[in-house]
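>>> quick check, what structure comes out for this input:
(4 chains, ligands or ions: 4)
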Amino acid sequence: MSTPMKHSYESSTTDRVISMAQAIREALAEEMRRDPWVFIMGEDVAEAGTPFKVLKGLVEEFGPQRVIDTPISEAGFTGIAVGAAMTGMRPVVDIMFGDFLTLAMDQIVNQAAKVHYMSGGKWKVPMVIRATMGATLRKAAQHSQSLHAWFAHIPGLKVVIPSTPYDAKGLLKTAIRDDNPVLFFEHKAMYSMRGYVPAEEYTIPFGVADIKREGRDLTIVAIGRMVHVAIEAAQRLAELGIEAEVVDPRTLVPLDRKTLIESARKTGRVIILDEGHQSYGATAELASVITEGAFYYLDAPVIRLGAMDVPVPFSPPLEDLTVPTPERVVEAAKTLCGRV
Amino acid sequence: MSTPMKHSYESSTTDRVISMAQAIREALAEEMRRDPWVFIMGEDVAEAGTPFKVLKGLVEEFGPQRVIDTPISEAGFTGIAVGAAMTGMRPVVDIMFGDFLTLAMDQIVNQAAKVHYMSGGKWKVPMVIRATMGATLRKAAQHSQSLHAWFAHIPGLKVVIPSTPYDAKGLLKTAIRDDNPVLFFEHKAMYSMRGYVPAEEYTIPFGVADIKREGRDLTIVAIGRMVHVAIEAAQRLAELGIEAEVVDPRTLVPLDRKTLIESARKTGRVIILDEGHQSYGATAELASVITEGAFYYLDAPVIRLGAMDVPVPFSPPLEDLTVPTPERVVEAAKTLCGRV
Amino acid sequence: MMSSSGPKIRAERSVYLTVDGEQWLHMYRQMLRIRRFEEQVNELYVSAKMPGLAHLYIGQEAVAVGVCEALRRDDYITSTHRGHGHCLAKGASMDRMFAELLGKAPGYNRGKGGSMHIADPDTGNLGANAIVAGAVGIATGAAFSAKMRGTDQVVVCFFGEGALGQGVLYEVMNMASLWKLPVIYVCENNLYTEYTPYQEVLAGEILDRPRAFGIHAEAVDGQDVREVYFVAQRLIERARAGEGPAFLLCNTYRYYGHHVGDIDRSYYRSREEEEWWKSERDPIRLLGSWMLQERIADERILEAIDREVRAEVEAALAFALNAPYPDLDEVARHVYANEAQL
Amino acid sequence: MMSSSGPKIRAERSVYLTVDGEQWLHMYRQMLRIRRFEEQVNELYVSAKMPGLAHLYIGQEAVAVGVCEALRRDDYITSTHRGHGHCLAKGASMDRMFAELLGKAPGYNRGKGGSMHIADPDTGNLGANAIVAGAVGIATGAAFSAKMRGTDQVVVCFFGEGALGQGVLYEVMNMASLWKLPVIYVCENNLYTEYTPYQEVLAGEILDRPRAFGIHAEAVDGQDVREVYFVAQRLIERARAGEGPAFLLCNTYRYYGHHVGDIDRSYYRSREEEEWWKSERDPIRLLGSWMLQERIADERILEAIDREVRAEVEAALAFALNAPYPDLDEVARHVYANEAQL
Ligand SMILES: Cc1ncc(C[n+]2csc(CCOP(=O)(O)OP(=O)(O)O)c2C)c(N)n1
Ligand SMILES: Cc1ncc(C[n+]2csc(CCOP(=O)(O)OP(=O)(O)O)c2C)c(N)n1
Ligand SMILES: [Mg+2]
Ligand SMILES: [Mg+2]
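Residues are numbered from 1 along each chain as shown, chains lettered A, B, ... in the order given. Ligands and ions are numbered 1, 2, ... in the order given. Below you'll find the model as predicted:
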């Protein structure tokens, strides 16, 4: 998971390798330099730069007026961001652990997501909510959830989950420039992951899936950190002569249905990986979209591998069972390809 | 939709026809008589009996100690219910509009759903959260949502959506006796709907789907009020010689996969109806479960008909477009059965 | 009957006379516009011409008018489920209000919002909100924005006393106080949260709550537009001058039910109580008699205003009744802003 | 340096002597058990033997011990991310605590909760909670339940001053006050919410907040277990007698970082400040010297206690290190209670 990955957007002139945390920090810094109305608010974002140190250095450059430490008031400051966004600012809200989004659901779902529609298009809410996600960090049930499916279910919100530093930077810049509320999920275990990021400016459009690895035998659609699980599984499968294509939707809303369906039509076999709970989660939507679009091309039903339907346990051997692993993907792929 | 519907559980000796509201009230009253620790809390539940008058009369029988008017504090009183449930009480929480569940998500998802698991099975949280759902009542975007998919995504919660007075009564009694947090969704437009409810006591187990109409050509899986849309569509389809089976899961968690899959295997064609938004919603999970279990029996991909992916608009002609109708179901069924 | 929990600040009568008579007449007209508009809304409901319900503001007009009269057009407000009064007082026109209530295309929100969501950038109306306390974050955020952008706009956040039950109010008051934001929290205590007397669900004294967060707080007689206007003006100018947020408790009363369909109210309040407020504390009549007494107006002028307002209501209603519903493809528009942008 | 915002209630020295010496010795031992237990936790982290992180309570021991000493075993507590002290003070045994922190099968939560979720019905521990203010509803609900079931149990809800930022606290305090529930909100102000000095995120005076909801509120020196115990006892007995909730502000300090990995703290607090608290305000040494002075104990006794506690820690740790991890099929158990019930 720590080998820097080349990807399809790599047209950079440099081979600059940086961490995901730095890529995110760069995106924020560049956008804050470009647009004076972009600001950051959240708990311990200033001097501390968040507990993950992702924002380290930003308050020094932009000052405490634009990198704002808030009280522990997720609903309150998310609501404040909505009002600020409506009146000319472009807030980037920091939700330390995605689990705390539960505290701001009214502000996100009843307010931010609906203001534009309810006002008949008169007010808009250009804001980004950055939140962490992901398990296997021994943080137990209230600090390990991946709740992105909830937001993807709500019209008016966009949902982004990057899997590489390159994508994180390009997508975050797009998110900040978007005129809608965007949920941007960052996997806690990926902040230190390194990858190529060009020195020159770029953005990545929403709604464009990225084929992280090409293959003809099998499609693995993977979200966020699961892309790396998929890549690792694909490498092992290649040794067995099975060439897996790894497709990263990058944005769940808008969703690049076309690329997903085309890959499925090509390979006829699909596995979907996600770190959200499997039931009633993102894997169900992706499986449905693919089945609807590629039904007559599929050799077998799409296999969904989401996180187990259990609260995330603390005990390491238990926690490690809850999230899809390369081993399990290889197993599933072998079954799908009739290799068992 | 207002014709009382006979159903498979109708073994009653009486032909008592009552409204959904009364069925719910009876379930509550019977359980409160049976168990002194059952109590109700929420906004305007006592003298007002809620704005829908569902609880009318309960405070008179059980007193203000057991039918408790709260401040407008959804997070607060849901949290209080969690603590009460852990220490011997059996709270029934009233969330006036399901949209207000957004305010209590931490209490429901991080607390109620996880206490049992996190404590290694030591504490339990026997509570019921009753919430309304559903559109077409001209209540606009913040009073019309059907957010059940969110809760079905969270392990530790059970999710019930009744479609008839009979089911509502039997399932609510089961919910109150369950030792886990149960989300119980009531459609605002169904309170006045009437149906057979026997005078004698009964409960309905969770995880048992109900075949509301038998048929061999097509399966329509429908949730809550959509069951009646399905029945109406089935009646029209019957005139065209297409016999649709209408399957009502009744509980999304636990889900009766077996009945859904068996029906799909029998008919080979499936439509799923839901009043939650279509994308990343309950239809995706049901479609996936069915496709996984009946793939080789299906003539065509499962058709999902959820609510449109738009905030619910106020304007009546627009609002009416957002929810599946018998007409649209008939169209879809005809396509599926090659009748176009 | 009216509980007022803080020091009662009463401007002297003579002070009121420093305000131009035309302005009092304007406030009189504004209150009357709200009254007549809403009487018509009730009529629409009773005659089954309006989809859904509406929460009438009648009885509370002095609050919206007194406060909004002290605001500039580019100042912001947020409102509630009981929002018609605030929207009209901030400058909304009746025709597009009626159109919105009927779900018609020329409505303020293109018919997509309805009674509880009237919003209008032109008059600084950030939107009515159907979630109790749902807009307190938005209002505080707009004040934050005004401060960051260096405008001298002020934001007024209207809510009922029921909103005091919502935790988010305390979260944002804390930040408004810490950051000295130009926001005025206007709490309209009309004695009931839906069908429950407020004392049954509210502990302690209302004014102590904002004060605990270091927010300047005062109470006024919400039926006396003169007092509301004077105090609001002072608090608003204070906020505009950078002196921070304030909380204004307005003690008031709604004459109708919680919503238009709430006809039988006997189980939560008495007919006598309702009559007392209407006969003794009507904000329009109180201002009217005072103006007559002070010779700011005579009966003829007041009658002329009433005629004009009735004509305005009639024309606006006709406009709305005749207006078309939105095109059906509107249903899928405005889910996202500026879809072409990237 | 220590801000105390309310009336400082100081019991007379002579009053403290009315308490049996054995009980002070017990409190001394309890504080020491927390101290030594957590020193070992830090050691486990440093030596990479513990999965994840832990938030050490060291420095704040007088609060947990002073309060829990005034509780009955069947009274309830809720705790926080910084919860080891509360759990031990309420009666938890070290072996099962260590086992839980290591994710081992005999842990209090079968290894499934970890440091932030220790829960134990046997000692009335409703659970530590990793959401700031996440347990205030649970605590208030347990008090509600005690009242409804007619027991005379009291509930103590521990939280840091950071929890004052969460709206739900005000929602439940309102109801606790309205319904006179037997719950004590114990706010431990250790001056920092993670890496931010609390004054930067808190407006007004802390004690004014509960008071605004009609809740009796007092502040104590959280480093003086004698004062904590006396005041807590009074508030608890008051609640037990049906006189309603109370709020106890304990001014205190954490010696270590926000969590065990928070080593470089220079950007949010000074080394001098840390040293001052350790040398001048250490709760264990304060009680120790007083007991020596009052001849409740001599050096020998205190040393014996320390030896015993160290031995307890050692044995408990050995137990936990040797304990097995849970069976893998535990991962899917306890998602739902009593699955066979219907
Ligand atoms: C969060 C939330 N909970 C409940 C409701 C339902 N509701 C609508 S108005 C109302 C009472 C509001 O009372 P108050 O704030 O005093 O305003 P008033 O109606 O008296 O103007 C309630 C409970 C809601 N809209 N939002
Ligand atoms: C709702 C929520 N927001 C943020 C966090 C992250 N967090 C954990 S502890 C903490 C600071 C808590 O400060 P305080 O309440 O003073 O307790 P202390 O750590 O000082 O004991 C924060 C922000 C959280 N756990 N829950
Ligand atoms: Mg009111
Ligand atoms: Mg602290």
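>>> which residues does whichever residue of the stretch 101-250 of chain A sits closest to chain D contact?
Taking Cβ to the nearest Cβ, chain D has its nearest neighbour within the stretch 101-250 of chain A at A:Arg138, 3.2 Å off. Placement of C-beta: from N, CA and C, glycine included. Residues in contact with A:Arg138, defined by Cβ atoms under 8 Å, 6 or more residues apart in numbering or on different chains, are A:Phe314, A:Pro316, A:Glu319, D:Pro51, D:Gly52, D:Leu53, D:Gly103, D:Gly114.
>>> so is the strand or helix carrying C:Met148 next to ligand 1?
Element membership for C:Met148, per DSSP states H and E: helix C:136-149. No - against ligand 1, helix C:136-149 shows no contacts by Cβ under 6 Å from any ligand atom, the least distance being 11.2 Å.
>>> go through that helix and flag the buried ones.
For helix C:136-149, the neighbour count (16 or more other Cβ atoms under 10 Å in any protein chain shown) marks C:136-148 as buried.
>>> and which of these is nearest A:Phe151?
Nearest to A:Phe151 among these is C:Gly137, at 17.9 Å by Cβ to Cβ.
>>> how close does that closest one get to B:Tyr191?
32 Å (Cβ to Cβ, to the nearest Å).
>>> count the neighbours of the residue of the stretch 101-250 of chain A found nearest ligand 3 for me.
Per Cβ to the ion, A:Asp106 is where the stretch 101-250 of chain A lies closest to ligand 3, at 19.6 Å. Using other Cβ atoms under 10 Å in any protein chain shown, A:Asp106 has 28 other residues around it.
>>> ok, and the closest non-adjacent residue to it?
Excluding its sequence neighbours, the residue lying closest to A:Asp106 (Cβ to Cβ, 6 or more residues apart in numbering or on different chains) is B:Thr102, at 4.1 Å.
>>> re the thing from before, next one: the residue of the stretch 101-250 of chain A closest to ligand 3 from B:Ile242, what distance?
Distance, A:Asp106 to B:Ile242, by Cβ to Cβ: 44 Å.
>>> surely C:Lys147 touches C:Pro182?
Yes - at 6.4 Å, C:Lys147 counts as touching C:Pro182 under the criterion of Cβ atoms under 8 Å.
>>> per-residue confidence for C:Asp306?
If you check C:Asp306, the pLDDT there is 98.
>>> element containing it, please.
Per DSSP H and E, C:Asp306 falls inside helix C:299-322.
>>> is that helix anywhere near chain A?
No - residues of helix C:299-322 contacting chain A under Cβ under 8 Å from any Cβ of the partner chain: none, with a closest distance of 15.0 Å.
>>> mind listing residues that contact that helix?
C:25, C:28-29, C:32-33, C:36-37, C:40, C:44, C:49, C:93-95, C:97-99, C:101-102, C:104, C:106-107, C:288, C:291-292.
>>> helices along the stretch 201-342 of chain C, start to end?
C:208-212, C:225-240, C:271-280, C:283-293, C:299-322 (DSSP state H, counting those that start in this stretch).
>>> point out the most buried one among those.
helix C:208-212 (a mean of 24; mean count of other Cβ atoms under 10 Å in any protein chain shown).
>>> what's the neighbour count on residue 339?
Reading this off chain A. 13.
>>> you answered for a different chain; I wanted chain C.
12.
>>> residue contacts, it?
Counted by Cβ under 8 Å, 6+ apart, C:Glu339 has zero contacts.
>>> can you rerun that using 10 Å?
Neighbouring residues of C:Glu339 by Cβ atoms under 10 Å, 6 or more residues apart in numbering or on different chains: A:Asp179, A:Asn180, A:Pro254, C:Arg333.
>>> may I ask which of these has the most neighbours?
A:Asn180 (26 neighbours).
>>> so that residue sits in a strand?
No - read with DSSP: H, G, I helix; E, B strand; the rest coil, A:Asn180 is coil and lies in no strand.
>>> quick one: it and ligand 4, what's the gap?
According to Cβ to the ion, to the nearest Å, A:Asn180 and ligand 4 sit 36 Å apart.
>>> next: C:Tyr185.
28 Å.
>>> would that residue count as being in a helix?
No - residue state for C:Tyr185 (three-state DSSP) corresponds to strand; a helix is not indicated.
>>> tell me the pLDDT at the residue nearest to it when sequence neighbours are not counted?
Using Cβ to Cβ, 6+ apart and skipping residues adjacent in sequence, the residue nearest C:Tyr185 is C:Phe247, 4.6 Å away. With respect to pLDDT, C:Phe247 has a value of 99.
>>> next structured bit after the helix or strand where A:Leu273 lies?
Secondary structure assignment for A:Leu273, by DSSP H and E: strand A:270-277. Sequence-wise, the next helix or strand downstream of strand A:270-277 (DSSP H and E) is helix A:282-294.
>>> below-threshold pLDDT in chain C: ranges please.
C:1-13, C:340-342 (pLDDT under 70).
>>> sorry, wrong one. I was asking about chain A.
A:1-14.
>>> mind redoing it with 80?
A:1-15, A:340 (pLDDT under 80).
>>> break it into its domains for me.
Domain assignment for chain A, taken from automatic domain parsing, gives A:8-196, A:210-334.
>>> distance to C:Leu88 added to these, as JSON lines?
Shown next, in JSON lines, are the domains of chain A (distance: least, Cβ to Cβ, whole Å):
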{"stretch": "domain A:8-196", "distance to C:Leu88": "17"}
{"stretch": "domain A:210-334", "distance to C:Leu88": "37"}
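>>> to ligand 2, which of those lies closest?
domain A:8-196 (4.6 Å; Cβ to the nearest ligand atom).
>>> OK, contacts around whatever residue of the stretch 151-300 of chain A ends up closest to ligand 4?
Closest residue of the stretch 151-300 of chain A to ligand 4, Cβ to the ion: A:Lys188 (22.7 Å). By Cβ under 10 Å, 6+ apart, the contact list for A:Lys188 reads A:51-52, A:54, A:96-98, A:132-137, A:139, A:143-144, A:225.
>>> next one: A:Glu30
A:Val38, A:Lys169, A:Leu172, A:Lys173, A:Ile176, A:Glu201.
>>> restrict the host helix or strand of it to CA atoms and write it as CSV.
Assigned by DSSP H and E, A:Glu30 belongs to helix A:20-34. The C-alpha atoms that make up helix A:20-34 are tabulated as CSV, following Å, rounded to 0.1, in the frame of the first residue of the first chain:
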residue,chain,number,x,y,z
MET,A,20,-1.6,12.3,0.7
ALA,A,21,-1.6,14.7,3.6
GLN,A,22,0.7,17.0,1.7
ALA,A,23,-1.4,16.8,-1.4
ILE,A,24,-4.4,17.9,0.5
ARG,A,25,-2.5,20.6,2.2
GLU,A,26,-1.3,21.9,-1.2
ALA,A,27,-4.7,21.9,-2.7
LEU,A,28,-6.0,23.9,0.2
ALA,A,29,-3.1,26.3,0.2
GLU,A,30,-3.3,26.9,-3.6
GLU,A,31,-7.0,27.5,-3.4
MET,A,32,-6.7,29.8,-0.5
ARG,A,33,-4.1,31.8,-2.4
ARG,A,34,-6.3,31.9,-5.4
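>>> quick check: A:Arg138 vs D:Ala212, distance?
40 Å.
>>> can you give me the helices for the stretch 51-200 of chain C?
C:61-68, C:84-89, C:94-101, C:136-149, C:167-178.
>>> packed most tightly, which of these would that be?
helix C:61-68 (a mean of 30).
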